[in-house]
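Visitor: Return a 3D structure for these sequence lines:
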Amino acid sequence: MRGFAAIGLHAPKSECNVGGALRAAACYGAQLAAIQGSRTVRYPTDTHRAWRHMPVLLTGDLLSVVPYDCVPVGIEFLDDARNLVDYTHPERAYYLFGPEDGSLPKRVLERCRDVVRVPTRLCMNLAATVNVVLYDRLAKRGQP
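Guide: Below you'll find the predicted structure:
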């Protein structure tokens, strides 16, 4: 299968959720993870030690590390966002996730080609959302 997935975590609140998000990225074959607003890449819930298997970038701006020719996709709990159920994932996607207690900044959302919502009644935590989005990509596109 051609293409790849990368994730970007904007100002994550919880070390446990960051670790879970990195673990999901490793499990579902993401090629890169970028974290804005974090000081370490070693998290207790990242039992796979994702940083040993894929690049994990610590950055001051998630938009400064968008991989070449990659589509930024904002994942947000917004009424007007596209429904993940009907979404066709880009061949090369950079999924951007906001913090557990906030949202992606407007300037980030404006750079995203697509803004997608996981169709739930209530917002999910960061790690759960990364798991759902990357699983959906895998299920729709085939094995990594």
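
Visitor: partner residues bridging the closest residue to A81 other than its chain neighbours?
Guide: Of all residues not flanking A81 in the chain, R117 sits nearest, at 3.7 Å (C-beta to C-beta, 6 or more residues apart in numbering). (C-beta placed from N, C-alpha, C; glycine too.) Following DSSP bridges, R117 is listed with bridge partners N83.

Visitor: A34 too?
Guide: Going by DSSP bridges, A34 forms beta bridges with G8, L57.

Visitor: got the residue ranges for the strands in the chain?
Guide: For the chain, the strands defined by DSSP state E cover 4-10, 32-36, 56-59, 71-75, 82-83, 92-97, 114-117.

Visitor: I'd like to check the angle between the second one and strand 4-10, please.
Guide: Relative orientation of strand 32-36 with respect to strand 4-10: 10 degrees, computed using axes from the mean of the first three to the mean of the last three C-alpha atoms, to 10 degrees.

Visitor: Against which helices or strands is strand 32-36 packed?
Guide: strand 4-10, helix 15-27, strand 56-59 (3 or more C-beta pairs under 8 Å, 6 or more residues apart in numbering; DSSP states H and E).

Visitor: follow-up on the earlier one: mean pLDDT lowest for which of the strands of the chain?
Guide: Least confidently modelled of the strands of the chain is strand 56-59, at a mean of 92 by mean pLDDT.
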